[in-house]
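Trainee: Need coordinates for the below:
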Amino acid sequence: MLRHVLLAISKSERAERLISTSPLTAGVVGRYVAGDVGEVIGELTRKGLLVTVDHLGEEVTDQAQAEEAVAEYLRLPALLPAGADVSVKLTALGLRLSERLALDHAAAICRAAAVANVTVTLDAEEHDTIPGLHSVHAALRKDHPDVGVVVQAYLPDSLDRCEKLGGARVRLCKGAYTAPGAYTRPADIDRSFVRCLRILMAGTGYPMVATHDPRLVRIASTLAVLEGRDATGYEHQMLYGVRPDEQLRLSGQGARVRVYVPYGSDWYAYLMRRLAERPGNLAFFLRSLLSRR
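Mentor: Next comes the predicted model:
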């Protein structure tokens with residue numbers, strides 16, 4: 001119930017105005033959203049961690065907004081170290097205006113990323129955008145075979161998606177949205193995650209295991225060994241500000257660990273989804289708002 005409430009709040013303009021303008025919000029935002037993105041990337045890289053960087057913003061309402069987002073994404077690859085990744089939300093590129101528009105914009109970003117020796121991953125969003133996401137991804141792979149895509153385990157067709165993504169870079173996550181007919185019980189989502197993980201680890205693509213759940217992290221590592229994958233054959237992905245010690249522990253053991261680093265002023269919806277995922281994050285946020293210490 002709390003998760004659904006927070007996801008609803010993430011779409012409330014009134015709540016956004018209230019929370020965004022609070023002078024006490026900056027501290028908690030800084031925990032999950034990079035202020036100086038270059039500084040954060042440098043720090044993580046020096047620690048031996050990989051990065052995927054997301055310029056926050058989604059659900060643009062006109063082409064001018066989409067072009068502004070594209071301009072930012074076109075600047076981003078040159079700022080990243082080789083081997084980094086750019087995480088892109090297609091609604092920020094105009095998916096709700098036109099699938100063709102989003103495809104053209106994403107292709108331009110992929111070309112810029114290739115020049116800088118970085119990759120691009122298309123992020124998953126609300127359930128009604130998923131068909132467009134996979135359509136754009138399939139089209140992009142013809143010229144950019146290393147472009148990645150996200151599959152959300154809470155959706156009942158996630159297993160079918162994984163089976164059809166042979167050879168692709170796939171970021172598997174639990175999902176931070178709601179959808180009709182979707183799995184809602186944590187145990188059901190976890191089971192779906194593991195089923196998808198088995199398909200990806202046994203396949204010919206590159207699994208990107210996006211979870212902080214210790215049990216699922218262990219299962220991913222075990223499946224990789226059973227399928228004969230070494231440390232270069234898959235990676236763990238975790239969010240900036242969430243379980244940083246675990247990120248370093250896994251990296252110290254030789255695993256590839258990539259940190260999802262969001263930046264930009266349009267952080268409200270992203271932060272609300274992070275709070276919906278973890279009740280402990282909500283407690284931290286409320287303490288920050290109620291205390292100046």
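
Trainee: For the rest of this, base every contact and every neighbour count on C-alpha atoms.
Mentor: OK.

Trainee: buried residues in the strand or helix carrying residue 130?
Mentor: Per DSSP states H and E, residue 130 falls inside helix 130-141. Going by neighbour count (16 or more other CA atoms under 10 Å), the buried part of helix 130-141 is 130, 132-134, 136-138, 140.

Trainee: Check stretch 194-206 too.
Mentor: Buried, per 16+ other CA under 10 Å, within stretch 194-206: 194, 196-201, 203, 205-206.

Trainee: From the chain's centre, how far out is that stretch? Work that out for me.
Mentor: How far stretch 194-206 lies from its chain's middle: 18 Å, per CA atoms, centre = their mean, to the nearest Å.

Trainee: what about that stretch, average pLDDT?
Mentor: Stretch 194-206 shows a mean pLDDT of 98.

Trainee: which outside residues touch it?
Mentor: Residues outside stretch 194-206 that contact it (CA atoms under 8 Å, 6 or more residues apart in numbering): 153, 158-159, 162-163, 165-170, 172, 207, 209, 216, 219-220, 223-224, 227, 229, 233-234.

Trainee: can you pull out the helices in the stretch 51-200 of the chain?
Mentor: 63-75, 99-115, 130-141, 158-164, 186-202 (DSSP state H, counting those that start in this stretch).

Trainee: looking at these, which is closest to residue 266?
Mentor: Relative to residue 266, the nearest member of these by CA to CA is helix 63-75, separated by 11.3 Å.

Trainee: and that closest one, what other elements does it pack with?
Mentor: helix 99-115 (3 or more CA pairs under 8 Å, 6 or more residues apart in numbering; DSSP states H and E).

Trainee: which helices and strands sit right next to the helix it packs on?
Mentor: Counting by 3+ CA pairs under 8 Å, 6+ apart, helix 99-115 packs on helix 63-75, strand 119-123, helix 130-141.

Trainee: 10 Å instead, please
Mentor: helix 63-75, strand 85-89, strand 119-123, helix 130-141 (3 or more CA pairs under 10 Å, 6 or more residues apart in numbering; DSSP states H and E).

Trainee: quick one: average confidence on the last one?
Mentor: The average of the pLDDT scores along helix 130-141 is 98.

Trainee: Grab the most central residue of the chain for me.
Mentor: residue 123 (5.7 Å; CA atoms, centre = their mean).

Trainee: Surely that residue and residue 151 touch.
Mentor: Yes - between residue 123 and residue 151 there is a contact under CA atoms under 10 Å: 8.5 Å.

Trainee: Would you confirm that residue 63 contacts residue 97?
Mentor: Yes - using CA under 10 Å, residue 63 and residue 97 qualify as a contacting pair, with a distance of 7.6 Å.

Trainee: Tell me the bridge partners for residue 52.
Mentor: Per DSSP bridges, the residues bridged to residue 52 are residue 85, residue 260.

Trainee: Let's see stretch 170-189 as PDB, backbone CA atoms only.
Mentor: Taking Å, rounded to 0.1, in the frame of the first residue of the first chain, the C-alpha atoms of stretch 170-189 are listed here in PDB:
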ATOM      1  CA  VAL A 170      19.900  -6.600 -20.800                       C
ATOM      2  CA  ARG A 171      19.600  -4.800 -17.500                       C
ATOM      3  CA  LEU A 172      17.200  -6.900 -15.400                       C
ATOM      4  CA  CYS A 173      15.500  -5.000 -12.500                       C
ATOM      5  CA  LYS A 174      12.500  -5.700 -10.300                       C
ATOM      6  CA  GLY A 175      10.600  -2.600 -11.600                       C
ATOM      7  CA  ALA A 176       9.600   0.700  -9.900                       C
ATOM      8  CA  TYR A 177       6.200   1.300 -11.400                       C
ATOM      9  CA  THR A 178       2.700  -0.200 -11.400                       C
ATOM     10  CA  ALA A 179       0.800  -1.900 -14.200                       C
ATOM     11  CA  PRO A 180      -2.500  -3.800 -14.700                       C
ATOM     12  CA  GLY A 181      -1.900  -7.500 -14.100                       C
ATOM     13  CA  ALA A 182       1.600  -7.000 -12.900                       C
ATOM     14  CA  TYR A 183       3.100  -9.000 -10.000                       C
ATOM     15  CA  THR A 184       2.700  -7.100  -6.800                       C
ATOM     16  CA  ARG A 185       3.800  -9.600  -4.100                       C
ATOM     17  CA  PRO A 186       7.500  -9.400  -3.400                       C
ATOM     18  CA  ALA A 187       7.900 -13.100  -3.500                       C
ATOM     19  CA  ASP A 188       6.300 -13.300  -7.000                       C
ATOM     20  CA  ILE A 189       8.500 -10.500  -8.300                       C
END
